[in-house]
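Chemist: Give me coordinates for this.
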Amino acid sequence: MNQHKMTDTPPEPELKRKLRIIIFGTETPAGRWFDISLIICIILSVALVFLDTVADIHARFGHIILALEWAFTLVFTLEYLLRLYCSSNRLSYARSFYGVVDLLSILPSYLALFFPGANFTLVIRILRLFRIFRVLKLLRYLSEGNLLLKAMLQSSRKVFIFFFSVSLIIMVLSAIMYVVEGPDNGFSSIPKSVYWTIVTITTVGYGDITPKTELGQAIAAFTMLLGYSIIAIPTGILTAEISQEMGRSRDLRRCANCLKTGHDHHALYCNRCGSELEPPPEENKD
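Modeler: Have a look, this model is predicted:
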């Protein structure tokens, strides 16, 4: 008779279990208060980053902002260490998207000790805003975002061909404007003319370069009108793909009670009256 060695795993510490419920969950009052406090800290820390870039505020309150920034950094550092401590799989958490964002949210302050005045640390601090998605658990409600992403992927080839065609039009118009206006009127090179054409065709119109000749102004007017028609094309392409994707995500089962159609695939109940639906056709197949 073979003897199997039984290895008893030690029981999980009660503190670790409670911390996991509070930090990673929102079902308890303590978990909700933790998330609310974390949201407030994230928003305030990002607000400090914005305020610190204002010269007058930095001159008057720079030392206070620095102290508060370090206070928030210590709070986020403690939170990150606690998440590592109470995670079921620490390596998986550390390598996950939100684990990386959590780490990047505290690195800038420590990097500033070795690279004082480095502007890239300011950009990294803004990544703290991404943590709100995790705290609010927004990803579970982003099915509409997934639908939009699928529609964008489906229309990518059409949009690419469209932008390629627009690029050709921009090159032709840029060359024409360079010949018509010339360096004396600000069109010093074809790349400069490309810049003007893009600004004009997108109806932005900075006004830093303007055509002076009558022919150049006529071409500019044509470019503006062309821009209005061009802007509508990618919108129409994307709208059509979204409509098709919405149709693919729905089925034609009709509710026997209220006769409503267009339910989600594999839906069991009508989303209007709550009556039970027939199973999807594929489920009826043997």
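
Chemist: where does E12 land in three-state SS?
Modeler: Three-state call for E12 (DSSP: H, G, I helix; E, B strand; the rest coil): coil.

Chemist: what's the spacing between it and A256?
Modeler: From E12 across to A256, the span is 50 Å (C-beta to C-beta, to the nearest Å). C-beta: built from backbone N, CA, C; applies to glycine.

Chemist: And the pLDDT at E14?
Modeler: The model reports E14 with a pLDDT of 82.

Chemist: Could you count how many residues lie near it?
Modeler: Residue crowding around E14 was assessed by other C-beta atoms under 10 Å; the count is 8.

Chemist: now swap in L127 and tell me
Modeler: A count of neighbours around L127, defined by other C-beta under 10 Å, yields 17.

Chemist: For it, which non-adjacent residue is spatially closest?
Modeler: In this structure, L127 finds its nearest non-sequential neighbour in L104, 5.1 Å apart by C-beta to C-beta, 6 or more residues apart in numbering.

Chemist: Read off the pLDDT value for the one you found.
Modeler: At L104, the model reports a pLDDT of 82.

Chemist: shouldn't it be in contact with L129?
Modeler: No - with contact defined as C-beta atoms under 8 Å, L104 does not reach L129; the gap is 11.6 Å.

Chemist: could you say what helices and strands the biggest helix by length in the chain packs with?
Modeler: Secondary structure of the chain per DSSP state H: the longest helix is helix 214-248. Packing contacts for helix 214-248, counted by 3 or more C-beta pairs under 8 Å, 6 or more residues apart in numbering; DSSP states H and E, involve helix 143-154, helix 156-181, helix 190-201.

Chemist: pLDDT on the first one, on average?
Modeler: Translated: helix 143-154. In this model, helix 143-154 has a mean pLDDT of 71.

Chemist: Equivalent analysis for the last one, please.
Modeler: The average of the pLDDT scores along helix 190-201 is 93.

Chemist: returning to what we had before: for E214, find the nearest of the helices and strands packed on helix 214-248.
Modeler: With C-beta to C-beta, the closest approach to E214 among the helices and strands packed on helix 214-248 belongs to helix 156-181: 9.8 Å.

Chemist: ok so, going back, buried set for the longest helix of the chain?
Modeler: Within helix 214-248, the residues scored as buried using 16 or more other C-beta atoms under 10 Å are 216, 219-220, 223, 227, 230, 237-238, 241-242, 245.

Chemist: Can you tell me which of those is nearest I23?
Modeler: E245 (36.4 Å).

Chemist: per-residue pLDDT, the closest one?
Modeler: Per-residue pLDDT puts E245 at 68.

Chemist: same deal with C273?
Modeler: 69.

Chemist: do the same with L82
Modeler: Predicted confidence (pLDDT) for L82: 90.

Chemist: Which helix or strand contains it?
Modeler: Using DSSP states H and E, L82 falls within helix 55-86.

Chemist: Next: F187.
Modeler: Assigned by DSSP H and E, F187 belongs to neither a helix nor a strand.

Chemist: For the residue nearest to it when sequence neighbours are not counted, list the residues it contacts.
Modeler: Closest residue to F187 apart from its sequence neighbours, by C-beta to C-beta, 6+ apart: E181 at 4.3 Å. When the contact criterion is C-beta atoms under 8 Å, 6 or more residues apart in numbering, the partners of E181 are 187, 193, 211-213, 216.

Chemist: any idea how far S105 lies from R20?
Modeler: For S105, the distance to R20 - C-beta to C-beta - is 20 Å.

Chemist: who's more crowded, those two?
Modeler: Neighbours were counted for S105 and for R20 using other C-beta under 10 Å; S105 has more, 26 against 18.
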